[in-house]
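In: here is a sequence together with a model predicted from it:
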Amino acid sequence: MKATFIKELVKIELNNPILIEGLPGLGLVGKIATRYLIKQLKAERFAYLYSPHFPYFVLVNKKGSVRLLRGTFYFWKNKNGENDLMFFTGDSQAQTIEGQYEISDCILNFAKHHNVKLIVTIGGYRMEAKDKPKVVAAATNSELLNRALQSKAVISPMGSPIVGTAGLILGLAHFKSIDALCLLGETRGYLPDPGAAKSVLEVLQVMFGFNVDLAGLDEEIAKAEKMVKRLQKIEKKRALQAEEIRKEEDKKITYIS
């Protein structure tokens, strides 16, 4: 394999589709949010993306079979609205700069082929949320950005970089005549963050009017909060131990002097 390619499993026809992209990144916000929508809407898989820019190992399942790392496209027919949905998520982001550009361009070309006029990318924004995580928005045009802001997102700070596929798709979308919006949930970044994912999904629901029960994320949010508190206790204990060791070392130095 010398280049990124997409293998379609079935041919589909979609009505004014919107593509929602969420790959692993800070706090796994994009992947958690996208996977949750796929599960709740019972979206169907219809294509795989393979790339030599993914990490060089295979995944092994319970039966001992292996597969390459990949991205997966899903679709959902919206019987009650104007827009069907496409989803893209996967095992990993590209590990090279060239790969990030190549995969982003490949996603955009595939979206263009399916008459996608709007792409929403989801990711994490490194910030210690004081209460409910905010959703930071950036877009390729002011009308789209205003829709996000009216849905309780906040504008991205000037000069703040959006790293990876979530950002590059916005930058490259202009060349494909596709509108693009990026929604980033505030997250600590070092643990899976379903709370940030839920905040992003709430903004998406208001913007596009689809109805998904988000209560299923509450249990995961509670588990994540317990994990954070446990890690904070461990870190506090380590800090106290380090302070005790420092005091003992100071005593030794004073005695020798």
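Out: The structure has been received and is ready for your questions.
In: low-scoring stretches of the protein, by residue?
Out: Applying pLDDT under 70 to the chain flags the ranges 228, 232, 251-257.
In: all strands of it, in order?
Out: 5-8, 18-21, 44-50, 58-60, 66-68, 71-76, 85-90, 118-126, 135-139, 154-155, 179-187 (DSSP state E).
In: gap between the residue positioned nearest the centre of the chain and Ala111?
Out: With distances taken as CA atoms, centre = their mean, Gly30 lies nearest the centre of the chain, 1.5 Å away. As for Gly30, its distance to Ala111 is 16 Å (criterion: CB to CB, to the nearest Å). Backbone N, C-alpha and C define where each C-beta goes, glycine included.
In: mind putting the strands of the chain into a markdown table with mean neighbour count and distance to Glu202?
Out: Converted to a markdown table, these look like this (neighbours: other CB atoms under 10 Å; distance: least, CB to CB, whole Å):
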| stretch | mean neighbour count | distance to Glu202 |
| --- | --- | --- |
| strand 5-8 | 13 | 31 |
| strand 18-21 | 26 | 14 |
| strand 44-50 | 17 | 25 |
| strand 58-60 | 10 | 32 |
| strand 66-68 | 12 | 34 |
| strand 71-76 | 22 | 19 |
| strand 85-90 | 23 | 17 |
| strand 118-126 | 25 | 12 |
| strand 135-139 | 24 | 8 |
| strand 154-155 | 14 | 13 |
| strand 179-187 | 27 | 10 |
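In: could I get those as JSON lines with distance to Leu145?
Out: Formatted as JSON lines, the strands of the chain follow (distance: least, CB to CB, whole Å):
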{"stretch": "strand 5-8", "distance to Leu145": "29"}
{"stretch": "strand 18-21", "distance to Leu145": "16"}
{"stretch": "strand 44-50", "distance to Leu145": "28"}
{"stretch": "strand 58-60", "distance to Leu145": "38"}
{"stretch": "strand 66-68", "distance to Leu145": "37"}
{"stretch": "strand 71-76", "distance to Leu145": "25"}
{"stretch": "strand 85-90", "distance to Leu145": "21"}
{"stretch": "strand 118-126", "distance to Leu145": "12"}
{"stretch": "strand 135-139", "distance to Leu145": "4"}
{"stretch": "strand 154-155", "distance to Leu145": "7"}
{"stretch": "strand 179-187", "distance to Leu145": "7"}
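In: which helix in the protein has the most residues?
Out: helix 218-256 (DSSP state H).
In: so which elements touch that helix?
Out: Judged by 3 or more CB pairs under 8 Å, 6 or more residues apart in numbering; DSSP states H and E, the packing partners of helix 218-256 are helix 194-208.
In: by contact count, what packs against the helix it packs on?
Out: helix 29-41, strand 118-126, strand 135-139, helix 142-150, strand 179-187, helix 218-256.
In: deepest of the ones you listed, which one?
Out: strand 179-187 (a mean of 27; mean count of other CB atoms under 10 Å).
In: got the angle between that one and helix 29-41?
Out: 110 degrees (axes from the mean of the first three to the mean of the last three CA atoms, to 10 degrees).
In: which strands or helices does strand 179-187 pack on?
Out: helix 29-41, strand 118-126, strand 135-139, helix 142-150, helix 165-173, helix 194-208.
In: mind listing the strands that strand pairs with, and their directions?
Out: strand 118-126 (parallel), strand 135-139 (antiparallel) (DSSP bridges).
In: now those strands as TSV including distance to Leu49?
Out: TSV is the format used below for the strands paired with strand 179-187 (distance: least, CB to CB, whole Å):
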stretch	distance to Leu49
strand 118-126	15
strand 135-139	24
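In: which of the helices and strands packed on strand 179-187 sits closest to Lys247?
Out: Nearest to Lys247, of all the helices and strands packed on strand 179-187, is strand 118-126, at 33.9 Å by CB to CB.
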